[in-house]
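Colleague: no sequence for this one, just the structure:
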């Protein structure tokens, strides 16, 4: 599985998060029928580390997790639940050997929903840096 797939499964298994979002975690965009609160994530960048001997097993994936809700307070609460189970996390998550997860920044905002309603969706976005182990390429 991918880092983002393993992180999604991990968040869904953590009751402090799933009590808020149930199964509403989506990649890139939530369906217009999706309820709130929810989490929408995207991978921003990914890079494997290098050293003088060639490829390294260490890689970093940067992700943004948007915690979306009907009020700013609930968006912050969802984000705090995510922070409590991810920031500083190490160990195996699914099939990913995680060396460190760090929440680097967070920002607040709002978005207009796709369904033409007048209600705003409030967002607290968390920027995560996930250091993890990858397989080293083998050269024939």
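Modeller: Yep, that arrived. Here the structure is a predicted model, which means the values were calculated and not measured. Residues are numbered from 1 along each chain as shown.

Colleague: would you say residue 85 is within a helix?
Modeller: Yes. Judged by DSSP: H, G, I helix; E, B strand; the rest coil, residue 85 forms part of a helix.

Colleague: so who does it touch?
Modeller: 10-11, 14, 16-17 (Cβ atoms under 8 Å, 6 or more residues apart in numbering). Where C-beta positions appear, they are placed from N, C-alpha and C, glycine not excepted.

Colleague: check what pLDDT the nearest residue to residue 103 once chain neighbours are set aside gets.
Modeller: Distances taken as Cβ to Cβ, 6 or more residues apart in numbering place residue 87 nearest to residue 103, at 4.7 Å, with adjacent residues excluded. For residue 87, the pLDDT comes out at 98.

Colleague: residues near residue 87, how many?
Modeller: Using other Cβ atoms under 10 Å, residue 87 has 14 neighbouring residues.

Colleague: ok, residue 14 - contacts?
Modeller: Going by Cβ under 8 Å, 6+ apart, residue 14 touches 81, 85.
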